[in-house]
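J.: task: produce atomic coordinates for the following.
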Amino acid sequence: QVQLVESGGGLVQAGGSLRLSCAASGRTFSLYVMGWFRQAPGKEREFVATISRSGVNKYYADSVKGRFAISRDDAKNTVYLQMNNLKPEDTAVYYCARSSTSLAIHRNEFGSWGRGTQVTVSS
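T.: Sure, this is the predicted structure:
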């Protein structure tokens with residue numbers, strides 16, 4: 001069973017940047033769509049970004065478009081989320097996830113999840 005381990009979260013001031021990483025175990029990383037989701041206290045887990053198997057197609061939630069960038073390095077079995085111009089409303093636990101479905105953006109299309117990393121943005 002694949003293991004997904006997120007890292008890179010922390011406390012940052014509004015306007016700052018963070019880069020999240022998600023390392024996957026196994027040798028089939030390149031066969032999967034990878035995504036990032038987040039969950040704020042008291043709210044449902046929501047889609048943030050997803051990247052296709054080839055890395056060419058990327059999709060973002062409207063709330064992060066233009067500020068966040070998803071990328072992948074198949075040689076390192078790692079997907080990244082570069083987060084710039086962070087806002088207090090970006091505060092959440094961020095999860096990476098793996099999907100076998102092309103163009104996956106819905107939670108139920110992702111079958112494997114990491115445990116998450118906390119991102120806190122102070123005003």
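J.: distance of the closest residue to residue 50 other than its chain neighbours from residue 42?
T.: Distances taken as CB to CB, 6 or more residues apart in numbering put residue 35 closest to residue 50, at 3.9 Å, once the chain neighbours are dropped. In this view, the C-beta of every residue, glycine as well, is placed from N, C-alpha and C. Distance of residue 35 to residue 42, computed by CB to CB, to the nearest Å: 22 Å.
J.: ok, these two, which is more surrounded?
T.: Set residue 35 next to residue 42 and count neighbours by other CB atoms under 10 Å: residue 35 wins out with 27 against 5.
J.: show me the contacts for that one.
T.: By CB atoms under 8 Å, 6 or more residues apart in numbering, the contact list for residue 35 reads 47-51, 96-99, 104-105, 110.
J.: how about a cut-off of 10 Å?
T.: Shown in contact with residue 35 (CB atoms under 10 Å, 6 or more residues apart in numbering): 22, 47-51, 59, 70, 79, 81, 95-99, 104-107, 109-110, 113.
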